[in-house]
Structure formats: C-alpha cells, structure tokens
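In: Give me a 3D structure for the following:
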Amino acid sequence: MASTDLPPFIQHLLKPAAYPHPADDVRLVQTHISYVLLAGDFVYKFKKPVDFGFLNFTTLEKRKYYSAQELLLNQRLSPSIYLAQVTVTSDGGKLTLNGSGEPVEYGIQMQRMPEGQMMGNVIRRGELTTAMLDAIVAKLAPFYEQADGSDAIRAFGTAKAVSVNVLENFDQTRSFIGCEALSQSQFDLISGYARDFLGRESLFEQRIEAGKIRDCHGDLYSANICLADQVYIFDCIEFNERFRYCDVASDAAFLAMDLDFHNLQPLSEHFIDRLTAASGDVSLRPMLNFYKCYRAYVRGKIGLFTAHDPQVDEATKKSCLEQAARYFQLAARYAQQ
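Out: Predicted coordinates:
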C-alpha cells in the first residue's frame, strides 16, 4: 500500500521529525482495526474508522473514548508500558502530535518492548520454556483472582450469553465459505460442534457458581505477551465488554490454543496444568476444548477480515489467508475431539 493512500495524519507520523523524541526509523504495522507506528523507543497506536458490528470506531469521539479505555484497562497487567493518550492536532492545516490545534485523531503512546523477546519470536526461535510459562501463570493467577466478578459480569457466563459471541462468528464468516481458507465441510463441522456444546447449559452454570466469570484480558495469546525482564501482557480487549467479560477458561484457552497452533502441545498442557494448580480451578478442563475451538475460529475470522481489507498489501493478504486456513483446520480438529 502506497503511503499516499494512508490517512494524512499517518503520512505525517511516518516522518521522524513528527516526534518530540528520536525516531530515526519509523515503521508502520497495520491490523484490521489499527495503525501501529514503531517510532524510536515508543509505539503509537491509532484505531481505524471501521465498523465490524462487534466494534465501532467510526467517529472521532468513539476513537477518543476507546483509546482512553485501552490505556486504562491495559494498565491492570502492564502499567509500565501504557503511558498516555495522545492527540494529533491540526492548526492551519499543520499536523502536530499533542499540539494545541483542533484534534483530528486520538491514540495511545506505549513504551516499545524488545521485539526479540516478544513471545511469538521466542517461539519461532524454539526458545520457549516451561519456566517462561510458569512466569506467565504467576502473573495471570492473581490477576484472575482480583478481577471484577460482579453479578453483572457473571451474567456473561451463561450458555445463552456465550452463544452470542460464538454463533456470530459463523454469521460473519458465512460469505467466505468456499474461499481458499474455509470449506463448507469445516464450517458445518465446527458450527455443529459449537451448537451441541452450547446445549450443555449445566456446565456453564457450574462455572458461574464457581466464580470463574471475570473481567478478563480477552485476547490472551503470544502476539500480546513479551518475555523480557518480566512478563508483559498487553493489548486486552477494550472495544466490547462481552469479549472481555468471560470465563477464565475462555481466556486461558486462547493461549493454550496458540501453543497448539505452533505445535507445542506439551507446553500447552503444561500451561493449563500450572494454571489450574495455581488457581485451584478444577472445573476448567471440561470447558477447554470448546473454548479452544472458539478461539481458533476467531483467529481464522480475523485473518479473513484482514486479508480482505483493501488497504493491506498483497503479501499481507496472502499471509493472512494462509494463517486463517491453518486456524480453521485447528478449529476443525478440536470439533472432532
């Protein structure tokens, strides 16, 4: 994608001189919902004006609100990373980061983490250890214990509430059936399994009674974990409470699924073993396969969305479709178990 096709404020922030600190090599990374600028020792993240139904960033006020929420919620697990909300302003047509003119965009400033220690890179080098997973558990177990589990949040643990999140994925991907990533047989297998499991309402009620529905992270996988001087867990779901108010089993299943995706099943088992031991959560396992399947399908869906974003380049599109296909294959394997 040519830089001239990007929003003017992003074109401006691609220039090192736009920043009040050294930023010799500014790099832009795009997701289906965000522009992320790596600039010197810092990261600047801005939301795209998109509406996917489950999130809506189409107005400046919405992007301002959800940027502030992103900052607040992520400070629960990584307060030293999430620094401030930022504003891009315009004064007589001149764009400035945190200037005094009219606000044209809102985002957040983060401390840049060492890329080599991002969990995904650690996995790619074959260096992930049980000790690293133990450190993740040591951070997650007290987080879940202390997270809000009020009656309003517990209501999101019913089979009916969970079905809203799970079944909408099938509605949102139906038009992609037959593409190179998702076949009709996979769709039928996975959606059938999900509907059957959602009929086991007593399992969901048991989790509610056990106090395991909490204000969780919502997007817990290797792309959002850094294993540096300590464990940093970042980029939680801020845009829709029903994705963050969930069973602890759903949160943990995401990381366990991600380890399975990278063919690290023994480490996936170790993570779940340690988390259940640390939390005393004996009823997590019966929910695990269902939530793994759900999480794998969500990742496949996001790959499809990103691949079909007209702003992404061909290389990104190809990579996203290949990954989506692998996630749907994994979801189908869970559905067959």
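In: SS state for L77?
Out: Local secondary structure at L77 is given as coil here, using DSSP: H, G, I helix; E, B strand; the rest coil.
In: got it, and the one 10 residues further on?
Out: Applying three-state DSSP to T87 yields a three-state assignment of strand.
In: Quick check: pLDDT value at it.
Out: We have a pLDDT of 98 for T87.
In: same question, P310
Out: P310 is given a pLDDT of 82.
In: Tell me how far it lies from L14.
Out: P310 sits 19 Å away from L14 when distances are taken as CB to CB, to the nearest Å. In short, each C-beta sits where N, CA and C put it, glycine included.
In: Pick out whichever of the two has more residues nearby.
Out: L14 (16 against 7; other CB atoms under 10 Å).
In: Quick check: chain neighbours aside, which residue is closest to the more buried one?
Out: V26 (5.4 Å; CB to CB, 6 or more residues apart in numbering).
In: Neighbours of that neighbour, how many?
Out: Quick note: V26 (other CB under 10 Å) scores 17 neighbours.
In: Same check on E127?
Out: That count, for E127 with other CB under 10 Å as the rule, works out to 12.
In: Now do the same for it: helix, strand or coil?
Out: coil.
In: Please tell me the pLDDT value assigned to it.
Out: 98.
In: Got the phi and psi for it?
Out: Per-residue torsions, E127: phi -110, psi 10 (degrees, to the nearest 10).
In: Also the one 10 residues further on?
Out: Comment: the main-chain dihedrals of V137 come out as phi -60, psi -40, following degrees, to the nearest 10.
In: State the distance from it to G120.
Out: V137 is 19 Å from G120, by CB to CB.
In: The two: which has the busier surroundings?
Out: When V137 and G120 are compared for neighbours, V137 comes out ahead with 23 against 17, by other CB under 10 Å.
In: Any stretches of the stretch 51-200 of the chain with poor pLDDT?
Out: Along the stretch 51-200 of the chain, no part satisfies pLDDT under 70.
In: can you map out the helices along it?
Out: Along the stretch 51-200 of the chain, counting by DSSP state H, counting those that start in this stretch, helices occupy 60-74, 119-124, 130-146, 151-154, 159-173, 184-198.
In: now for the fifth one, which elements pack on it?
Out: Helices and strands touching helix 159-173, by 3 or more CB pairs under 8 Å, 6 or more residues apart in numbering; DSSP states H and E, are helix 184-198, helix 201-209, helix 241-244, strand 245-247, helix 285-307.
In: Quick check: bridge partners of N56?
Out: D51 (DSSP bridges).
In: pretty sure F9 is touching V88, no?
Out: Yes: applying CB atoms under 8 Å, one finds F9 in contact with V88, separated by 4.6 Å.
In: Give the intersection of the neighbour lists for these two.
Out: F46, L95, V104, E105 (CB atoms under 8 Å, 6 or more residues apart in numbering).
In: isn't the last one right next to R63, touching?
Out: In other words, E105. Yes: E105 is within contact range of R63, at 7.0 Å (criterion: CB under 8 Å).
In: Of these two, which one has the most company?
Out: Higher neighbour count among E105 and R63: E105, with 24 against 19, using other CB under 10 Å.
In: In space, what's closest to that one - neighbours in sequence excluded?
Out: V88 is the one closest to E105 (CB to CB, 6+ apart), at 4.3 Å.
In: ok, the one you found touching G107?
Out: Yes: with contact defined as CB under 8 Å, V88 counts as touching G107 (7.4 Å).
In: out of these two, which sits in the busier spot?
Out: Between V88 and G107, G107 has the larger neighbour count (other CB under 10 Å), namely 27 against 24.
In: State the distance from the more buried one to Q311.
Out: Taken as CB to CB, the span from G107 to Q311 is 17 Å.
In: now do P114
Out: 28 Å.
In: With C226 instead?
Out: For C226 relative to Q311 (CB to CB), the value is 27 Å.
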